[in-house]
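Asks: Sequence first, then the predicted structure:
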Amino acid sequence: MSLLYISQQILVYNGIAFLLFEGLAFSYGYDFANISSQWWKLRQILLTIAGTMPVTFTCLSTIDQYLITSSNASLRQMSQMKIAYQIIIPVII
C-alpha cells in the first residue's frame with residue numbers, strides 16, 4: 001500500500017465523516033460551533049490536519065519513488081520500511 005493511496009483514503013474518509021457529522025447536526029438543528037468554543041477550535045484543527053496530511057503524504061511518496069528508482073545504491077538503501085515508519089510517525093503527530 002503506497003503513501004499516495006493512504007493519503008487519498010484519509011482525505012476521502014475524513015471528508016465523508018465530516019459531512020455526515022455536520023449534516024446530522026444541521027438536520028437536528030444543532031450548531032456545535034455556537035454551543036461550544038472548544039468544539040469549534042477542535043473542528044478547525046481537525047480540518048487543517050485533514051487537509052494537510054494528504055499533501056504531506058504525497059510529497060513523501062514522491063521522495064520515496066525518487067529513492068527507489070535512483071541509480072545510486074546508497075539512495076536506494078534509504079527507501080526501507082523501517083525508515084518510512086520513522087518518518088511517518090512524527091509527521092502524523
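Replies: Received, thanks.
Asks: quick one, what contacts residue 50?
Replies: Residue 50 sits next to 10-11, 14-15, 18 when contact means Cβ atoms under 8 Å, 6 or more residues apart in numbering. (C-beta placed from N, C-alpha, C; glycine too.)
Asks: Distance of it relative to residue 82?
Replies: Distance of residue 50 to residue 82, computed by Cβ to Cβ, to the nearest Å: 27 Å.
Asks: just the buried members of the contacts of residue 50?
Replies: 10-11, 14 (16 or more other Cβ atoms under 10 Å).
Asks: Name the nearest of these relative to residue 74.
Replies: Distance to residue 74 across the buried ones among the contacts of residue 50 (Cβ to Cβ) is lowest for residue 10, with 31.3 Å.
Asks: Show the pLDDT at the closest one.
Replies: At residue 10, the model reports a pLDDT of 73.
Asks: now it: how far from residue 48?
Replies: Counting by Cβ to Cβ, the separation of residue 10 from residue 48 is 13 Å.
Asks: got JSON lines for the contacts of residue 50, with distance to residue 73 too?
Replies: Conversion of the contacts of residue 50 to JSON lines gives the following (distance: Cβ to Cβ, whole Å):
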{"residue": "10", "distance to residue 73": "33"}
{"residue": "11", "distance to residue 73": "35"}
{"residue": "14", "distance to residue 73": "39"}
{"residue": "15", "distance to residue 73": "41"}
{"residue": "18", "distance to residue 73": "44"}
